[in-house]
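Participant: Below are the sequence and a predicted model; questions follow.
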Amino acid sequence: MEIIQAVVDWYMVNLNYFTVALLMAIESSFIPFPSEVVIPFAAYKAAQGGLNVFGVVIAGTIGALIGALFNYYLSLYLGRPLVYKFADSRLGRVLLLSKDKVQHAENYFIRNGNSSTFIGRLVPAVRQLISIPAGLARMDMRNFLLYTAAGAGIWNIILAVVGYFVYELRDKILPYIGHLLIVLGVAFIAYLIIRGKLNKKKNKDQNAEFGQ
């Protein structure tokens, strides 16, 4: 418990506009990193007076744009075959990618068009990957930036409100924060393990099918 508290304290001390933008850029790329541990904590710090909540939202949105642009141009220059090959590679699986996930994001983009880069930012299973089909489709950059910024901005505002709400209830929930972090940490690790085993089994089944 003391170790967790020390990590949380260190994290909060080093949470500033730059680190918010950096972490949200990572979150907005294909690297698995939850925005829920960035914006709410930064908003909580803003409620304490350490940051400005509007600055947190702006920094988070800029970071999300940077990560989305990374996905966009990576997909644009690699092309569909290499994107799907990477998603099914060992490194791709470590990053929790898969051909099915990319295909799901691309199908979502095809169904909803350019507006999917706005709507998709609010959809958990699509958020980080929606920029990939946008890049594959060579979506107009002005529209891409506009829709992505709007969607990411709304999502960050929602998370910032959560952080402020938690601060208002800090006296009631503070004693349980450590236990909550432990539960979330264990759940995330379990998710990674189960997801890895399922992907491994699926790939083994596919290899067996092609071998027949």
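Facilitator: Perfect, thanks for sending it.

Participant: where in this protein is pLDDT low?
Facilitator: Filtered on pLDDT under 70, the chain yields the residue ranges 1-2, 4-5, 125, 167-185, 188, 191-192, 195-196, 198-212.

Participant: Nearest to the spatial middle of it, which residue is it?
Facilitator: residue 27 (3.6 Å; Cα atoms, centre = their mean).

Participant: now that one: how far from residue 141?
Facilitator: Noted for residue 27: a distance of 21 Å to residue 141, by Cβ to Cβ, to the nearest Å. From N, CA and C alone the C-beta is placed, and that goes for glycine too.

Participant: before we move on, the earlier item: could you measure the residue nearest to the centre of the chain against residue 35, distance?
Facilitator: For residue 27 relative to residue 35 (Cβ to Cβ), the value is 5 Å.

Participant: Please apply the same query to residue 50.
Facilitator: Distance of residue 50 to residue 35, given as Cβ to Cβ: 19 Å.

Participant: More neighbours: the two, which one.
Facilitator: Shown here are residue 50 and residue 35; by other Cβ atoms under 10 Å, residue 35 has more neighbours (22 against 13).

Participant: wait, what's in contact with the more buried one?
Facilitator: Neighbour list for residue 35: 24, 27, 60, 64, 155, 156, 159 [criterion: Cβ atoms under 8 Å, 6 or more residues apart in numbering].

Participant: can you do 6 Å?
Facilitator: residue 27 (Cβ atoms under 6 Å, 6 or more residues apart in numbering).

Participant: List the residues that contact the residue nearest to the centre of the chain.
Facilitator: Residue 27 is in contact with 33, 35, counting by Cβ under 6 Å, 6+ apart.

Participant: can we see that at 10 Å?
Facilitator: Under the criterion of Cβ atoms under 10 Å, 6 or more residues apart in numbering, the neighbours of residue 27 are 33-39, 60, 63-64, 67, 127-128, 152.
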